[in-house]
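**Q** Fold the following and give me the result.
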Amino acid sequence: MARSRIGGSSGLLSGKVGDVIYSITRNADGSYRQQLGINPESRFNPNTDAQARARMTMGLIERAMFTYVDFMGTGFEGVDLGTNSVSRFSELNYNAIKYEIEEYWNMEDWPDWSYEFPRKRETSPKDGCFIISRGSLQWEGFIFCQPATASRRYFSVETTSLREGLTLRQFLGLNDLRIGMQFVGIFYCQGTTPSKSFIAWIMFYTDPNVRANDVLTSSNWRNYIRVNSNVPLNAYYVEQTSQLILRCEALDDYNILRTGCTGRRVRIREKNRYLYNNCDMVYNVFPSPQEAWGWKTLWDVKKSWLEM
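**A** From the prediction side, this is the model:
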């Protein structure tokens, strides 16, 4: 059984779950990171296709856990925060990645990639349609995660355009949100070099005891809506369209070439437990994933994992 040796919501694991071995290593800067391996008892012939598929799956999971460390410890309704949530993140994404690899392994190339599969010994963060949360919230709001591209040098969270003069309650309701609900836009930021890639997140929420019947304006909206992010934001509220715009324009400062997959996670606390929506990262912009991920071919990736 795996156990946490580092506390907090992003606790990392050590130990064994099934055929997967979790260990904790230090980066050059002294920080910790999750490392995964395959139980030696399950290894037989390291040159087989089955072993290469298993190693390729674990290679991507290890990079996902390193990249999404801010989200692994939360997001799974009914699962305790911290260690159990990290295990759930690993389990769900492991099964999804394993299925795709096994489904397409014998094809000449994948027709539609869901992940930026790493070559063997690649250690940089990787993009992909990873599972971020699972829960019972049926959220269908029109809140957009606008991507950054070579020509659009910003990425943003933007609520849908509405009519003027809305109260906070009306603004939230028309965006399929409630008082006390938290929205997080998640962006995979592709760095100017692979090692500079990282996850950016932009969050907004309201306090449970806020005055919901007050009309929002461009000058008072910060009294009602809280904003947080791990990147600098230009945040403003457009009165004419009752639209909240949270924009990051510091791409050059953060060595961001473009954004890749995006995700929209919603959370609310009810009766001493957190409820979540189902959030998967999705790739929905040009260039295509294959182009953004360097036009790797299936054979190129497979070959690296079949080597000793």
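**Q** Show me what counts as buried in stretch 241-260.
**A** Neighbour-count burial for stretch 241-260, with 16 or more other Cβ atoms under 10 Å as criterion, is recorded at 242-248, 251, 254, 256-260. Yep, even glycine has a C-beta here, placed from its N, CA and C like the rest.
**Q** Relative to the whole chain's centre, how far out is it?
**A** Relative to the centre of its chain, stretch 241-260 is centred 16 Å away, using Cα atoms, centre = their mean, to the nearest Å.
**Q** which stretches of the stretch 201-308 of the chain have low pLDDT?
**A** Applying pLDDT under 70 to the stretch 201-308 of the chain flags residues 285-298, 308.
**Q** before we move on, the earlier item: tell me which of the buried residues of stretch 241-260 is nearest to Tyr154?
**A** Arg247 (5.2 Å; Cβ to Cβ).
**Q** partners of the host helix or strand of that closest one, with directions?
**A** Using DSSP states H and E, Arg247 sits within strand 243-248. Sheet pairing of strand 243-248 (DSSP bridges) gives strand 155-159 (antiparallel), strand 234-238 (antiparallel).
**Q** Put together a markdown table for those, with distance to Phe144 and mean neighbour count on each row.
**A** As requested, the strands paired with strand 243-248 are arranged in a markdown table below (distance: least, Cβ to Cβ, whole Å; neighbours: other Cβ atoms under 10 Å):
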| stretch | distance to Phe144 | mean neighbour count |
| --- | --- | --- |
| strand 155-159 | 5 | 23 |
| strand 234-238 | 14 | 16 |
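**Q** what residues are up against the residue nearest to Ile101 when sequence neighbours are not counted?
**A** Counting by Cβ to Cβ, 6 or more residues apart in numbering, Ile101 lies nearest to Arg53, which is 5.1 Å off, once chain neighbours are set aside. By Cβ atoms under 8 Å, 6 or more residues apart in numbering, Arg53 lies in contact with Lys98, Ile101, Glu102, Trp105, Trp305.
**Q** Same question for Ser161.
**A** Thr241, Ser242, Gln243.
**Q** Now do the same for it: helix, strand or coil?
**A** coil (DSSP: H, G, I helix; E, B strand; the rest coil).
**Q** Please tell me how far it sits from Asp214.
**A** Going from Ser161 to Asp214 by Cβ to Cβ, to the nearest Å gives 21 Å.
**Q** Same check on Val69?
**A** Distance from Val69 to Asp214, by Cβ to Cβ: 38 Å.
**Q** Ala96 too?
**A** 43 Å.
**Q** do Pro147 as well
**A** From Pro147 over to Asp214 the distance is 33 Å, taken as Cβ to Cβ.
**Q** out of the two, which sits in the busier spot?
**A** A count of neighbours by other Cβ atoms under 10 Å puts Pro147 above the other of Pro147 and Asp214, at 20 against 14.
**Q** Does the more buried one touch Thr259 like I think?
**A** Yes - assessed by Cβ atoms under 8 Å, Pro147 is found in contact with Thr259 at 4.4 Å.
**Q** what sits against Cys248?
**A** Counting by Cβ under 8 Å, 6+ apart, Cys248 touches Tyr154, Phe155, Ser156, Ala200, Ile202, Ser229, Val231, Pro232, Leu233, Asn234.
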